[in-house]
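Asks: coords please:
(chains A and B, ligands or ions: 2)
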Amino acid sequence: MSLSKSVETDNALSAVHGKAASVKFDQVSKVYGTDVRAVDAVSLDVAAGELVTLLGPSGCGKTTTLRMIAGLEMATTGKILIGGRDVTKLPATDRDVSMVFQSYALFPHMSVMENVSYGLRISKLKKAEVIERAEQGLALVGLAGYGKRLPSELSGGQQQRVAVARALVLEPQVLLFDEPLSNLDAKLRRQVRDDIRDIQTKLGLTVVYVTHDQEEALAVSDRIIVMNNSVIAQVGTPRELYDSPTDAFVADFIGEANLLDATVLDVRNGMASVVLGSSVGGVEQVSGSQISITSAARTDAVGPARIAIRPGRIRLSPVNSENTLTGVIDKSTYVGSHMEYRVVTSIGTVFVVADAESAYRLGEEVGVGFMDKGPVLLPVK
Amino acid sequence: MKRSVVLWLVAGFIGYCVLPWYILEDGLWGFEWLFDGYPFDTDYAPALFLIFQGEKLWLSPILLFLLLPLIGDVFTRGLTERSAISTRRANVLIVAGIAGLAWVAFQGYGIGLRGWNFEALTTLFGPLEDRQFGMGAGALLIVGAFLFFLTTGIAGRGAVNGDVFVVGAIGLIIAMVAVFIFFPIVQMLASAFTDEDGGFSVGTFVAKFSENKIWGLGCVTGDTRCGVAWNSLFLAVLVGFFTTLLGLIFALVATRSGFRYGRVLRGLTVLPIITPPFVIGLAIILLFGLSGAVTQFVAELFGLQPTRWIYGLPGIFIAQVLSFTPIAFLVLIGVVEGVSPSMEEAAQTLRASKWQTFRTVSLPLMRPGLANAFLLGFIESMADFGNPLVLGGNYDVLSTEIFFAIVGAQNDQGQAAVLAIALLVFTLTAFYAQRRWLGKKNYTTQTGKGDGGMHVLLPKRVMLPCYVIAGIWTTFTLTVYGMILYGGFVELWGLDHTLTLKHYTTAFAVGYNDFGIHFKGSAWDSFWTTLKIAGIAAPLTAILGLITAWLLVRQNFTGKAAFEFGTMLSFAIPGTVIGVAYILAFNVPPIELTGTGAILVISFIFRNMPVGVRAGIASMSQLDKSLDEASLTLGASTWHTFTRIVLPLMRPAILAALVFSFVRAMTAISAVIFLVSAEYNMATSYIIGRVENNDYGIAIAYSSMLIVVMLTMVAITQLLVGRADTRRRSKAI
Ligand SMILES: Nc1ncnc2c1ncn2[C@@H]1O[C@H](COP(=O)(O)OP(=O)(O)O)[C@@H](O)[C@H]1O
Ligand SMILES: [Mg+2]
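Replies: Ligands and ions are numbered 1, 2, ... in the order given. Alright, predicted model coming up:
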């Protein structure tokens, strides 16, 4: 069901108005027990009305970060501000933040209506207002008329939307999602994802969204905070992260990337001339291929470097075409929408995504070239 | 000022200015005191009125401490920074709470029935002509207020995220455990170290503790008897071993044999819960006693002279194994089911035979559970009082010796305390071993995500003996219970077997007179008292147990491990020890409870709380933690979350805890027998009294009656809980 289409939904939208606020972390750390450093000196800013995703592999500290925003976990050190107010010591009850849990956490002994109105009743609103706002909340997620049911009488997707409605009706300063799609089947995921994004933009909510799925993150976010090993790896818009990852981890985590050795020959006007292949002696003696490219330089340093290239930004052409390396098709896989090739070249094995129409055979020699803006220089570790 | 602080402030002032400070001889709820000179009569006067009359002036500082939070409030008015204000106010509350509690304790403990309680105080302040009784309702309320000041203050300084409810609950439970478990035990220790003149003396303790009567090894070295401690230990090890073995056999039969009547076996586990502990002993007498059915039959068959062989070790052993095997079964069935089938299947795919699989995989995996069952059997046997009392003969054990030291001709409380310490050392060691060695394994019900697969059936060579033993045992158990039901209808067991309703009419006759129904039977008094006391104790036990469980499962605070140990400790304290400790501690001011119904209620609460805690922990671990958290992020306080989310979802567990503590209160004997009074006599102690008069008919009739009443209750609960369960399940579909 698409939310934006129903008239009822639009009415409801205008009724719920957010009091969206910014979130700021200042050098926040969380230590469990004595030595488990789940979050390490993280500083971040989320502007009011923005949807920011925390993305990273399992165990990197996303949930912990989210729970510290909610006040379910207290920061060991550092400062947390919501809407400019210092809430570091404030428990969850007293923060104006709602959360949608991975398991939805709908109260099984309460009806949908009772669930959605729970927070409103707690805040001692008038009964009529409680009901009105709860019904608007349900309408907003397209579940008007489901109020009498028990959570167990709803499908997974519906339960999810009840959880969203329950969090929304309180008009929180910040709305948090912890992997909200992980209990849904693949088909439903895309739709719920879009619905969440829809509501967020229309109500202008501040949303912090946790996921480990990079595709989901790229699709819903204004900005993404990539975390790795308890620290922030990179912050940026989806496009920035995809186009110019700052390190190998981000490059590889956000969409796959071929990581290749390279040598920077010189840097001019912020652009580096790079030769692929590792340098054996000095800059002059580059082994392997003789393909050169230019890429946005990060530093003025000349010498060995690493380069990340997206599989989709490598072009296969007939062997010995201009500015290509020669490679041999090592493996080819048909996956429906496109072809995937593994190509062995003198500078290493690269993974290439090509047109479904292309039909290179195993063992065939091909020319491997790179699209403009395709290769990204990474700092050498 | 916080609303809750104001509330407790008001309560404190009511305690100080309105309610009688001292405990009332005729009880508070009679309200006779209201019309008998209140508020000026010094027996009934509130503290404030006492002071105005120039009496008990040592109560006046309490008023000052009560006023402290108000004063603190006024003095922080001028400050502007919010955090500074709240920290200062918190500090003032802490000071008021600690000072108040300390002063109440000091004056209560220091000044007793004969002026100063301690020599040191007399020399310090000079002799005191005045004296005072135990503290009453007013004092109780004040103590509550001070305790809450303290916990609110601690929360105000940021403990547990400043959660007043959680810190308050922790404080309350710590205070109760301290007053009703640690204080009496310490008091008992002190009395074991007291010599004839009332002085402190290690020598006295050592002399009494090392007596031959306790530790003698006469049965090994010569032909005298062994010390009671060895007797108890030997019996407990034996019982622990056999209950574990039988429990394992039952568990295997119930889960690994394809046996269709597993439910019946599980039903048998209810029996020990609803059976007063000495009833099995009675049935054993009916079977094997001098005029017992089996004895007579065998005597006639072989022309033997009937003997009293059953009295002593054999009798106690049989009775205890009968009583406690179901407990071992209950523990082990979880363990046996907990062994993941996929492990066994893995072993089989690696070419292990059924027997090899059982021996090399299943059995080793059950080892912690077996140890747990053994320790439980050990502790239960050590603590058992009823069976040794009716069947002990010359085989003295610690729990009964404690009783005889108190009620016997010697009335030697010091001796009782020494014996109780010996008993306590054993059970605490076992308890500690259990916790230390098995960690928390026994808590986590193995309900994790099932990884599918079927349990491997047992190999024949294990199964056959299991069947035989389980069969014999079940028959025996059923016979025993049959005897109990039947025995109540027999004129005089062993001599005159004509059927009669005599015992029932003596005990439970109901007549009519001008005033309506008249309960004529001799047992009614104790029956109603029992229902009443159990009825008051059960909800309190359940709620305390659940709050404790909730704190343990859901909250994090410093000292949680110690808190858990403290609350579970009373599980390892035998009832007889609690009984002795209570009469030693609560016979004199400041807490004078002996002879009241309250002391019975309190003893039940603290004896049964660990079970409530365990049940609560088990069922709370099944609740998704994010339910609590969702409620918190929706702006609900922890108190709201606890009452609106946790409690409703725990309803089956609450019901079970309620019934369990009710039933346990009805069947308890070991602590009760020390604490009953003429006014508050309990069913079990009444029955024991009949047994001691050789009045077996009534004793057995009454026991049957109790069993039937409790069986009905358990059945009804099962029905209710069962229905709640199925309803939830059908909803889930
Ligand atoms: N309550 C806890 N106690 C101890 N360690 C924890 C706790 N919660 C999380 N951790 C640890 O902190 C790290 C980060 O966890 P989490 O924030 O849940 O990761 P993510 O959500 O990114 O998968 C993990 O290594 C995890 O084991
Ligand atoms: Mg997570």
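
Asks: ok, for B:Gly579, nearest residue in space, not its chain neighbours?
Replies: Distance criterion CB to CB, 6 or more residues apart in numbering or on different chains; nearest residue to B:Gly579, sequence neighbours excluded, is B:Phe674 at 3.2 Å. Bear in mind the C-beta positions are built from the backbone N, C-alpha and C, glycine included.

Asks: mind checking how far that neighbour is from chain A?
Replies: Here B:Phe674 is placed at a distance of 43 Å from chain A (CB to the nearest CB, to the nearest Å).

Asks: again, but for B:Ser703
Replies: As judged by CB to the nearest CB, B:Ser703 and chain A stand 40 Å apart.

Asks: Could you do B:Arg308 as well?
Replies: B:Arg308 sits 59 Å away from chain A, going by CB to the nearest CB.

Asks: That residue touches B:Asn394, doesn't it?
Replies: No. If you go by CB atoms under 8 Å, B:Arg308 and B:Asn394 don't touch, sitting 9.7 Å apart.

Asks: Pick out whichever of these two has more residues nearby.
Replies: B:Arg308 (13 against 9; other CB atoms under 10 Å in any protein chain shown).

Asks: who touches the closest residue in space to that one that isn't next to it in sequence in this structure?
Replies: Distances taken as CB to CB, 6+ apart place B:Leu290 nearest to B:Arg308, at 5.7 Å, with adjacent residues excluded. Residues near B:Leu290 by CB atoms under 8 Å, 6 or more residues apart in numbering or on different chains: B:Pro306, B:Thr307, B:Arg308, B:Gly494.

Asks: which of these are buried?
Replies: For the contacts of B:Leu290, a neighbour count by 16 or more other CB atoms under 10 Å in any protein chain shown gives the buried set as B:Pro306, B:Gly494.

Asks: With respect to B:Val425, which of the contacts of B:Leu290 is nearest?
Replies: When the contacts of B:Leu290 are ranked by distance to B:Val425 (CB to CB), B:Arg308 comes first, at 32.0 Å.

Asks: list the contacts for that closest one?
Replies: Each residue near B:Arg308 by CB under 8 Å, 6+ apart is listed here: B:Gly289, B:Leu290, B:Gly393.

Asks: swap in B:Ile599?
Replies: Here B:Ile599 is in contact with B:Tyr582, B:Phe586, B:Leu593, B:Leu675 (criterion: CB under 8 Å, 6+ apart).

Asks: rewinding a little: what number of residues lie near the residue nearest to B:Gly579?
Replies: Neighbour tally, B:Phe674, other CB under 10 Å: 25.

Asks: Doesn't it lie inside a strand?
Replies: No. Assignment of B:Phe674 by DSSP: H, G, I helix; E, B strand; the rest coil gives helix, placing it outside any strand.

Asks: does the nearest residue in space to B:Phe571 that is not next to it in sequence count as helix, strand or coil?
Replies: Closest residue to B:Phe571 apart from its sequence neighbours, by CB to CB, 6+ apart: B:Pro610 at 3.8 Å. Secondary structure, three-state DSSP: B:Pro610 is helix.

Asks: Run a quick neighbour tally on B:Pro610.
Replies: Neighbour number of B:Pro610 under other CB under 10 Å is 19.

Asks: ditto for A:His109
Replies: 16.

Asks: residues in contact with it?
Replies: With CB under 8 Å, 6+ apart, A:His109 has these contacts: B:Pro648, B:Leu649.

Asks: same thing with the one 3 residues further on?
Replies: For A:Val112, the contacting residues are A:Leu138, A:Leu143, A:Tyr146, A:Gly147, A:Lys148, A:Arg149, A:Leu150, A:Pro151, A:Leu154, A:Val162, by CB under 8 Å, 6+ apart.

Asks: Could you pick out the longest helix of chain A?
Replies: helix A:186-203 (DSSP state H).

Asks: Who are the packing partners of it?
Replies: Applying 3 or more CB pairs under 8 Å, 6 or more residues apart in numbering or on different chains; DSSP states H and E, we find helix A:186-203 packed against helix A:7-15, strand A:51-55, helix A:156-168, strand A:207-211, helix A:214-220.

Asks: will you turn these into JSON lines that also has mean neighbour count, mean pLDDT and distance to chain B?
Replies: Below are the helices and strands packed on helix A:186-203 laid out as JSON lines (neighbours: other CB atoms under 10 Å in any protein chain shown; pLDDT from 0 to 100; distance: least, CB to the nearest CB, whole Å):
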{"stretch": "helix A:7-15", "mean neighbour count": "15", "mean pLDDT": "45", "distance to chain B": "19"}
{"stretch": "strand A:51-55", "mean neighbour count": "26", "mean pLDDT": "96", "distance to chain B": "17"}
{"stretch": "helix A:156-168", "mean neighbour count": "24", "mean pLDDT": "92", "distance to chain B": "7"}
{"stretch": "strand A:207-211", "mean neighbour count": "26", "mean pLDDT": "95", "distance to chain B": "13"}
{"stretch": "helix A:214-220", "mean neighbour count": "19", "mean pLDDT": "92", "distance to chain B": "20"}
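
Asks: could the ones you listed go into JSON lines alongside distance to ligand 1?
Replies: Putting the helices and strands packed on helix A:186-203 into JSON lines (distance: least, CB to the nearest ligand atom, whole Å) gives the following:
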{"stretch": "helix A:7-15", "distance to ligand 1": "31"}
{"stretch": "strand A:51-55", "distance to ligand 1": "8"}
{"stretch": "helix A:156-168", "distance to ligand 1": "18"}
{"stretch": "strand A:207-211", "distance to ligand 1": "7"}
{"stretch": "helix A:214-220", "distance to ligand 1": "13"}
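
Asks: okay, the ones you listed in JSON lines with distance to A:Pro108 next?
Replies: Converted to JSON lines, the helices and strands packed on helix A:186-203 look like this (distance: least, CB to CB, whole Å):
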{"stretch": "helix A:7-15", "distance to A:Pro108": "26"}
{"stretch": "strand A:51-55", "distance to A:Pro108": "29"}
{"stretch": "helix A:156-168", "distance to A:Pro108": "10"}
{"stretch": "strand A:207-211", "distance to A:Pro108": "24"}
{"stretch": "helix A:214-220", "distance to A:Pro108": "28"}
